[in-house]
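> Would you be able to build a 3D model of this:
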Amino acid sequence: MLKALGIDRAFGGQVLFDHVDWVLGDRDRVGLVGPNGSGKSTWLRMLAGEESPDAGSIETPRSYRVGYLPQFAFELGHGTVRDEARSAFAAVLAIKEELEGLEARLETPLAESETEALLARHTRLEEEFRHRDGYEIDRQVDRVLRGLGFTLSDFGRSVDTLSGGWQMRVAPAKLLLERPDALLLDEPTNHLDLEAREWLEGFLRDYPGAFVVVSHDRYFLDQTVNRITDLMTRQLVDYSGTYSQYLEQRQKRYEMAMTAWKRQQDEIKRIERFIERFKAKNTKATQAQSRVKMLERMERLEKPEEPSRTVHFQFPQPDRSGRITLEVEGIHKSYGPIEVFRGIDLAVERGQKVALVGPNGAGKSTLMRILAGQEPIELGTRTVGLKVTLDFFAQDAADRMPRDKTILEEAMTRAPTDFVPRVRGLLGAFLFSGPAVDKPIGVLSGGERNRLALAMMLMRPSNVLLLDEPTNHLDMTSKDVLLEALRQFEGTVVFVSHDRFFLEQLATRVIEVGGGTIYDYPGGYEGFLHQKGLREEGEAVAPVSQRTAAALPSEAPVRRKPNQRKLEALEQKIAQLEERKAKLETLLADGEIYRDSEKAAFYTNEYESVAAELENAVESWAVMSEE
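Residues are numbered from 1 along each chain as shown. Model prediction:
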């Protein structure tokens, strides 16, 4: 059990916590929620011992272990992905190393007494190694790495060669394998695709210890936690249940508190009227004075703070476009030897809200840039429809905003003349109100800049919006504002998001990206999950590149035996790997490439990974062929 007792903490003159007491039980699953800037990350750092409170203490039993995953600034080694994950078992691996040393010594001629001593030591260590699941280490490492999206060919890659997003998967892998008594996770789903998020949900549901998680993904919270701690007005308020249940309970608490406050205000006014009416009358002066004392003794209730709500705002609507807004045909796209798309077709119609889904690295952002006209293609055509105006929100859109201007100055600069009187209202809808509009953009957090960039886009909207992960770094209230705006929007939206609630509420069509092609699922996200399940069980859903992009009904399903389907899939994978391997061999055979040592190292690593993956695929195919 972890206890926080009498915690005070202020930062930059702002009081974050005022004499807070809080307890984390041994099997508690806690979602920590609150507005951006309210102190959620500070609270986790104090629980982890990374930061000290101004007053109070954090108490745990002597052997209690706390594991902390920050949003940023974690340290990783320079070994391979597998080595970094295995380092979670450093103490157990040290036992294994000692066992191997003892076994080597026992193979040499020794005195009988020394042999007996070594055997006794070996027996004790062997028992401890077995007790600490030493023989299960590699299986556990493989399970966690695969769950977080790493493939077998990634296991041998150096951590230094990974992108920032993939490095941010290695850190949680190591922490989850350490299995501390309490996990403290600060936005662990950042940089995770939907499949990895689902795996993490299952892992946390089965976790034997306690955890506290900060997340802006309400679906993730609903699937994992049994308690919500709301950080508001410098205190922590607990609610039992999931995030959705917390929203209901919080609203009921607010309504009850508001009723009590109003009842007291009515009572105060009634007493004040009595005092005012009778204080000058001798016959009633005593009663009036007693009521004055009654008011003085009355414990005044504070007016409850209303839970944050989505601010409704009538957003401007764009000019109407033609029926087909964007169309790409026969698109081929590769990065070096890596083929991203081979001959895809896609047409987007006016008014559709199209979600692009698929694992990280499948090509969603590449497809967005192709649709935006910002990514060169090797083959194929891109056509922009009649009267289409297009705006593209890239993942780095917020970073391109001027840092020296204030929020209001930038908004006034971008606003159409007829919209200027409504600028403050729009900023308020995106949670910038009062003195906040005079803040320089340079002091805003990443989430606030994202929110501002989206507000600027919707102030003078184009009739086609391409949004690449617009919900990144947005808190739940900000997501609700954006969701409300895009639901109202009468134009066309193509978007990428890993937030399932956002996907379910907005998408009217889903495009799955992966394996060099795309699959078209008319309807919302829930329908996509159902249809995808059928496809993976053997129902034939043709890739879009092999049928018309307007999502015509698929042909009759072709049923195959499970083994036959797996064999065919493996054969296709082997063919792709052989093709990639051949391309890499040609590349590495060219002496010119070795003039650039970084490029040579990159392609050498890629070749080794592909060769290993191909060997494993061929082995699997051989075993399955004999069944």
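> can you map out the strands along the stretch 351-500 of the chain?
Counting by DSSP state E, counting those that start in this stretch, the stretch 351-500 of the chain has these strands, from start to end: 353-357, 379-384, 390-393, 464-468, 492-496.
> between the ones you listed, which one is nearest to Ala575?
Put simply, out of these the one that sits nearest Ala575 is strand 379-384, at 20.3 Å, with distance taken as Cβ to Cβ. The way it works is simple: take the backbone N, C-alpha and C, and place the C-beta from them, glycine included.
> Buried ones in that closest one, by neighbour count?
By neighbour count on 16 or more other Cβ atoms under 10 Å, the buried set for strand 379-384 is 380, 382, 384.
> Quick check: the last one touching Leu371?
No. Between Val384 and Leu371 no contact is recorded; they are 9.5 Å apart, counting by Cβ atoms under 8 Å.
> Spell out which residues are contacts of both of these two.
Common contacts of Val384 and Leu371, defined by Cβ atoms under 8 Å, 6 or more residues apart in numbering, comprise Leu326.
> just to revisit the earlier point, distance to Val481 and pLDDT for the buried residues of strand 379-384 - can I get that in JSON lines?
As requested, the buried residues of strand 379-384 are exported to JSON lines (distance: Cβ to Cβ, whole Å; pLDDT from 0 to 100):
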{"residue": "Gly380", "distance to Val481": "37", "pLDDT": "93"}
{"residue": "Arg382", "distance to Val481": "32", "pLDDT": "94"}
{"residue": "Val384", "distance to Val481": "29", "pLDDT": "93"}
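> what's the domain layout of this protein?
Structurally, the chain divides into domains by automatic domain parsing as follows: 1-65+180-241, 79-175, 261-297, 562-626.
> quick one, which of these is nearest to Ser478?
Ser478 lies closest to domain 1-65+180-241 among the domains of the chain, at 8.0 Å (Cβ to Cβ).
> Show me where the stretch 501-627 of the chain has its helices.
In the stretch 501-627 of the chain, the segments counted as helices under DSSP state H, counting those that start in this stretch are 525-536, 562-589, 597-626.
> Show me which positions of the first one end up buried.
Of all the residues in helix 525-536, those buried under the rule 16+ other Cβ under 10 Å are 525, 528-529, 531-532, 535.
> Tabulate those (a markdown table), appending pLDDT and distance to Gln235.
Supplementary listing: the buried residues of helix 525-536 in a markdown table, determined by pLDDT from 0 to 100; distance: Cβ to Cβ, whole Å:
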| residue | pLDDT | distance to Gln235 |
| --- | --- | --- |
| Tyr525 | 91 | 37 |
| Phe528 | 89 | 41 |
| Leu529 | 88 | 39 |
| Gln531 | 84 | 46 |
| Lys532 | 81 | 44 |
| Arg535 | 72 | 49 |
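> Where does Pro172 fall, secondary structure wise?
Here Pro172, judged by DSSP states H and E, is contained in helix 164-178.
> Now that helix: average pLDDT?
Mean pLDDT, taken over the full extent of helix 164-178, equals 89.
> All further residue positions should be reported with the first residue as 476.
Done: numbering now begins at 476, and the last item shifts to helix 639-653.
> Which SSE is immediately downstream of it?
Using DSSP H and E, the helix or strand that directly follows helix 639-653 along the chain is strand 657-661.
> can you give me the angle that next one makes with helix 639-653?
Counting by axes from the mean of the first three to the mean of the last three Cα atoms, to 10 degrees, strand 657-661 lies at 170 degrees to helix 639-653.
> how about whichever helix or strand comes after strand 657-661: buried residues?
Note on strand 657-661: by DSSP H and E, the next helix or strand toward the C-terminus is helix 669-680. Along helix 669-680, the positions that meet the burial threshold by neighbour count (16+ other Cβ under 10 Å) are 669-676, 678-679.
> can you tell me which residues contact Thr841?
Thr841 makes contacts with 808, 815-816, 850, as judged by Cβ under 8 Å, 6+ apart.
> mind listing which of those residues are in helices?
Of those, none are assigned to helices by DSSP state H.
> quick one: which of these is most hemmed in?
Within the contacts of Thr841, Phe816 tops the neighbour count with 25 neighbours, counted by other Cβ atoms under 10 Å.
> hang on, the earlier thing: CA-only coordinates of the helix holding Pro647, as PDB, when you get a sec.
C-alpha atoms of helix 639-653 as PDB (Å, rounded to 0.1, in the frame of the first residue of the first chain):
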ATOM      1  CA  GLY A 639      11.400   8.500 -31.300                       C
ATOM      2  CA  GLY A 640       8.000   6.900 -31.400                       C
ATOM      3  CA  TRP A 641       9.400   3.300 -31.400                       C
ATOM      4  CA  GLN A 642      11.900   4.200 -28.700                       C
ATOM      5  CA  MET A 643       8.900   5.300 -26.600                       C
ATOM      6  CA  ARG A 644       7.600   1.700 -26.800                       C
ATOM      7  CA  VAL A 645      10.900   0.200 -25.500                       C
ATOM      8  CA  ALA A 646      10.600   2.100 -22.200                       C
ATOM      9  CA  PRO A 647       7.200   0.700 -21.200                       C
ATOM     10  CA  ALA A 648       8.200  -2.800 -22.400                       C
ATOM     11  CA  LYS A 649      11.000  -2.700 -19.900                       C
ATOM     12  CA  LEU A 650       8.900  -1.300 -17.100                       C
ATOM     13  CA  LEU A 651       6.000  -3.800 -17.600                       C
ATOM     14  CA  LEU A 652       8.500  -6.700 -17.500                       C
ATOM     15  CA  GLU A 653       9.900  -5.400 -14.200                       C
END
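> circling back: quick one: closest of the strands of the stretch 826-975 of the chain to Glu1088.
Comparison of the strands of the stretch 826-975 of the chain against Glu1088 by Cβ to Cβ identifies strand 828-832 as nearest, at 24.2 Å.
> Mind jotting down where the helices sit in the stretch 526-675 of the chain?
Secondary structure of the stretch 526-675 of the chain (DSSP H, counting those that start in this stretch): helices at 556-561, 565-581, 587-606, 612-622, 627-630, 639-653, 669-680.
> Name the surrounding residues that touch the last one.
If I follow you right, that is helix 669-680. 504, 619, 622-624, 644, 647, 651, 658, 663-664, 667, 686, 688, 692, 695, 698-699, 832, 834-835, 973, 975.
> can you state the direction angle for it and strand 657-661?
Relative orientation of helix 669-680 versus strand 657-661 (the same axes, to 10 degrees): 150 degrees.
> Quick check: what element follows helix 669-680 along the chain?
Stepping forward along the backbone from helix 669-680, the first helix or strand reached (DSSP H and E) is strand 685-689.
> got the CA coordinates for the next helix or strand after that following strand in CSV?
Next helix or strand after strand 685-689 toward the C-terminus (DSSP H and E): helix 693-699. Listed next in CSV are the C-alpha coordinates belonging to helix 693-699 (Å, rounded to 0.1, in the frame of the first residue of the first chain):
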residue,chain,number,x,y,z
ARG,A,693,-11.6,7.6,-22.3
TYR,A,694,-12.1,4.2,-23.9
PHE,A,695,-8.7,3.0,-22.5
LEU,A,696,-9.8,4.2,-19.1
ASP,A,697,-13.1,2.5,-19.3
GLN,A,698,-11.4,-0.8,-20.2
THR,A,699,-8.7,-0.7,-17.4
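> my read: Ser715 touches Arg702, true?
Yes. If you go by Cβ under 8 Å, Ser715 and Arg702 touch, sitting 5.7 Å apart.
> Neighbour count for these two, which is higher?
For Ser715 versus Arg702, neighbours defined as other Cβ under 10 Å are more numerous around Arg702 (18 against 10).
> Longest helix in this protein, please.
In terms of residue count, the longest helix belonging to the chain (DSSP H) is helix 718-753.
> quick one: buried residues of that helix?
Neighbour counts over helix 718-753 (16+ other Cβ under 10 Å) mark 718, 721-722, 725, 746, 749-750, 753 as buried.
> again, but for stretch 762-772
The neighbour-count criterion (16+ other Cβ under 10 Å) identifies 763, 766 as the buried residues of stretch 762-772.
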